[in-house]
Every structure is written in structure tokens, then in C-alpha cells.
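Visitor: Output the structure for:
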Amino acid sequence: MRFLIALLLSTLTSLTWAANNSLSPSTYEELNAIQEQLAAQQYREAEEALLELEDDLNPGFGLALTYQLHGQLNLLQEKNKEAMFWYSKALALNVLAPAQESALSTTIAQLHLAAENNNAAIAELEPRLNNILSLEKDKNSDKKRGTDDKPVDWIQPLSFITLASAYQLEKNYAASVPWLIRGIERARSRGDQPKENWLQMLMAGHYQQKSYAKTAAVLDDLLRINPGKEDYWQQQAAVYQLLEQPALALRTLELGYAADYLKKPDSILLLVQLLISENIPERAGRILQAHLQDQSVELSERNWRVLAAAWQQGRERDKAVAAMREASTFMDDGSLLYRAAQMQQQNAQYQTALTDAEAALKKGLSERDKPRALMLAGSCAYELNDYTTARRYFQQALTLADVAANARVWLEYLDALEQYPG
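Guide: Sure thing, here's the model as predicted:
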């Protein structure tokens, strides 16, 4: 439908221009009547009139417009191949104005793209655009300096974008980028905002060529146009990470979060991880805990581990221990409970350390962690003056090679205490 509207406007413009130029009044009236038949969907009558007019006209501007209308007739009936045939005949006469030529060639290229004939679209459009660009350059260079005349720009931005699209569909990003830039600059020179999907294509082109700084700059434009699209915040942060600029990646996500644009769990987690890596663990912990509590972020082992890491880095040991305990509920072993016990032992919280160590041993530990957990449990029990419990854990540790010698020392020490109390 977009193609039909563009072509209809192009044809009407051509008829208006022709009425004041080289088209005879009778030909203009006949073409206008045919246009009205097309608008009324009187296709059989319109085709009869077109064929009759084509027989009467000599090669020239009037015949080119007749061919163009004939193409429009077929396009309205979804006969795309036939439409391209008539449009090509109109172009072959070489009598259309540059603006009309580029518009009609763009329509043909778009029809090729619709048929997935990307290379045909390129072959149709690129030579014409290059030729018309050369004409524009010559025309503008002839203008006298100091005049108020605007530079000519016969080519519509969409023509450049269409050619760029064909190259991108062929994954030829290097060729697509210059045409995208031309189209975007042409739109801006006319006081128009480039369309979002044009900027998306330019971003993709730069990214595919690993031009990450340029990718980030285009994402700035996209964020100005559509800040509510969360993917743009994520993509810009990712690009800054590729540029090894984590501070800028963090700034991007913090701005998005502050403006309430970040909703997806992966966005929140990326923000949290960047805060941790940039040594702002307390803020990371507050943000993640809030989202775990309202369950906007999944209550999973991985996420609880991240929270524990944030609190641990921020020296919030009690909060880190709580997070480790939560994470442990999702696990098949007691490894995180053992880590929690270690932290509590370091903080002289022997009773809770013993409780977590016992829970870790009950849940199961690796061959590496089990001996150490037994020794931890025994030493915590000793600090609590519970020598019976301490002896039980040291005796279990005595059977494990990694800690047997140390366990024997502890048992001998306990024997000495019992032999020489006080």
C-alpha cells in the first residue's frame, strides 16, 4: 500500500507539472480521465483507454506518463511483474524529470525487493541514483554564491534507504551504510526526522562492521526518538562494554533505570553486575534485593549468588549470609551454606556458623569442602565450649586425609583439656 500511495502521488505530480509544460491539453485531459478511472477501480475501461492512447502518442513525455499509469493499473491489480514492465518502458524513454525518474526507479526496486530479487533492485536503482546525484552536484555548483536559492535535491530520502535495504538483505553492510547516511542526511536537510527503522539499519550496519563508536552514536539518536524501547538501552550498554568503557555502559543503564525504562530482568541484572564491577556494591545490592522481593527478578540460585556477592563486596556480611541461605534453597548441595558458615566464623558468630556448617554437611558437600566444613564445625563448637560436639566433628575429620593431621592435633588438645581442666 505504501508503494501505491507513493506512486499515485508521483503520477499526480507528473500530471500537474505536465499541464504547465510540454504535455498537450488533450493528452493531459485523457490521462486525468484515466487516473479517475483507476481511482474508481474501473480497470477494464482504464486499460482500453491506455492502449488507445499509447497507439496515438509519439515517444515523449506524454507517452512516458501513459506507461507509468499503465504500470499503476497493474500494480493496483497486484500484477507486480506487469507493473515493472510498464514502469521500465516509461524510464526507457529518458524524458522524465530527475525527481520523477528516481521515484519511479525506486518503486521498481521496491517491487524487486518484494519478490526477494535483491540484486535486481540494486542493479535497477544504484546507477540511476549515482547519475542523478552527479546531476544534482553539477546543478548546485552552477548556482551563484550568495543567492537565496536552495540546493536542488531531486532524490527522495526513501530512494537511498531502498537501495541500502537491498544491500543489507544481501548482508553487504559496507555498501549499505553510505546510502543509509545519504538518506538520513537528506531527510534532515529537508527538516524531517529520519524514521526509526532507518536508524536501526544504520546501527546494524555499523555494528556488523565492528564500528562500535559509530554504533553507540546512532543508539543515542534512537534513544532520543524512542527512549521507551528497552532494547536500545541494553544495546548501548553492550556496545560500550565492547569498547571497554564500562563506566559509560553503567551510566547508560543507570539513566534508563532512573527514568523507569528498564523492566526486563536481564536489564536489571546487567545493571547490578556493572555496579558490582565498578565498585558500587551497596547500590547493586539494594537494587537487586528490591527486585527479588517483588519477584520482578527470578528467585533463582544464580540471582541470590549475585546478591550475596554484592553484599559481600560491600562488607555487608549479615546480608550476604542471608542471600547465601536463600540461594542454597535452590541447590542440591550445601556449598553455599558452607560459605555462609565461613563468613560467620570470620565474624566470630560461632553459633550460627555451626548451624550453617551442620546444615551444609547434612545437605552434602564435595570432597574438597567436606573436610574443611567438619573442621569448621569442630572449631566453632570448641569456641562455644561444646567439647563433645567439637570432638565428634574432629573424629569424623580424622578419617579424611586432607585434614587428618590437623584433626589429630585438635583431638589431642581436647584430651589435654579434659585431663588438666582449668
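Visitor: how near is the closest residue to A390 other than its chain neighbours to E126?
Guide: Once flanking residues are discounted, A390 sits nearest to A381: 3.8 Å by Cβ to Cβ, 6 or more residues apart in numbering. For every residue, glycine as well, the C-beta is placed using N, CA and C. A381 sits at a distance of 82 Å from E126 (criterion: Cβ to Cβ, to the nearest Å).
Visitor: Compare neighbour counts for the two and give me the winner.
Guide: Counted by other Cβ atoms under 10 Å, A381 and E126 do not tie: A381 has more neighbours, with 24 against 17.
Visitor: Flag every buried residue along the helix or strand where the residue nearest to A390 lies.
Guide: Mapping A381 onto the secondary structure by DSSP states H and E places it in helix 369-383. Residues of helix 369-383 classed as buried by neighbour count (16 or more other Cβ atoms under 10 Å): 369-382.
Visitor: pLDDT and distance to Q349 for the residues you listed - can I get that in JSON lines?
Guide: Compiled in JSON lines, the buried residues of helix 369-383 are given as follows (pLDDT from 0 to 100; distance: Cβ to Cβ, whole Å):
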{"residue": "D369", "pLDDT": "87", "distance to Q349": "20"}
{"residue": "K370", "pLDDT": "91", "distance to Q349": "22"}
{"residue": "P371", "pLDDT": "93", "distance to Q349": "22"}
{"residue": "R372", "pLDDT": "92", "distance to Q349": "18"}
{"residue": "A373", "pLDDT": "92", "distance to Q349": "16"}
{"residue": "L374", "pLDDT": "94", "distance to Q349": "19"}
{"residue": "M375", "pLDDT": "93", "distance to Q349": "17"}
{"residue": "L376", "pLDDT": "93", "distance to Q349": "12"}
{"residue": "A377", "pLDDT": "93", "distance to Q349": "14"}
{"residue": "G378", "pLDDT": "92", "distance to Q349": "16"}
{"residue": "S379", "pLDDT": "91", "distance to Q349": "13"}
{"residue": "C380", "pLDDT": "93", "distance to Q349": "9"}
{"residue": "A381", "pLDDT": "92", "distance to Q349": "14"}
{"residue": "Y382", "pLDDT": "89", "distance to Q349": "15"}
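Visitor: before we move on, the earlier item: which ones are touching the residue nearest to A390?
Guide: L354, Y387, T389, A390, Y393 (Cβ atoms under 8 Å, 6 or more residues apart in numbering).
Visitor: separation between the residue nearest to the third one when sequence neighbours are not counted and Y67?
Guide: Spelled out, it's T389. In space, and not counting its chain neighbours, T389 is closest to A381: 4.0 Å by Cβ to Cβ, 6+ apart. Counting by Cβ to Cβ, the gap between A381 and Y67 amounts to 98 Å.
Visitor: now the contacts of A381: which count as buried?
Guide: Applying 16+ other Cβ under 10 Å to the contacts of A381 flags L354, T389, A390, Y393 as buried.
Visitor: For the second one, report the pLDDT, please.
Guide: This means T389. If you check T389, the pLDDT there is 92.
Visitor: separation between it and L202?
Guide: With the distance defined as Cβ to Cβ, T389 ends up 69 Å from L202.
Visitor: tally of neighbours for A401?
Guide: Counted by other Cβ under 10 Å, the residues lying close to A401 total 7.
Visitor: ignore the last one, K229
Guide: Applying other Cβ under 10 Å, we find 15 other residues in the vicinity of K229.
Visitor: lowest-pLDDT helix or strand in the chain?
Guide: For the chain, scoring each helix and strand by mean pLDDT, DSSP states H and E identifies helix 2-19 as the least confident one, at a mean of 45.
Visitor: Just give me how far the helix or strand just after that one sits from the chain centre.
Guide: Going down the chain from helix 2-19, the next helix or strand is helix 25-39, by DSSP H and E. The chain centre lies 48 Å from the centre of helix 25-39; the measure is Cα atoms, centre = their mean, to the nearest Å.
Visitor: Packing partners of helix 25-39?
Guide: Other elements packing on helix 25-39 under the criterion 3 or more Cβ pairs under 8 Å, 6 or more residues apart in numbering; DSSP states H and E are helix 2-19, helix 43-56, helix 61-76.
Visitor: What about the residue nearest to N119 when sequence neighbours are not counted? Give its phi and psi, please.
Guide: Distances taken as Cβ to Cβ, 6+ apart place E170 nearest to N119, at 7.0 Å, with adjacent residues excluded. The phi and psi values for E170, taken as degrees, to the nearest 10, are phi -90, psi 0.
Visitor: E170: neighbour count?
Guide: Residues lying near E170 (other Cβ under 10 Å) number 14.
Visitor: so how far is L365 from L336?
Guide: Using Cβ to Cβ, L336 is found at 11 Å from L365.
Visitor: where are the low-confidence patches of this structure?
Guide: Across the chain, the ranges flagged by pLDDT under 70 are 1-22, 143-148, 420-422.
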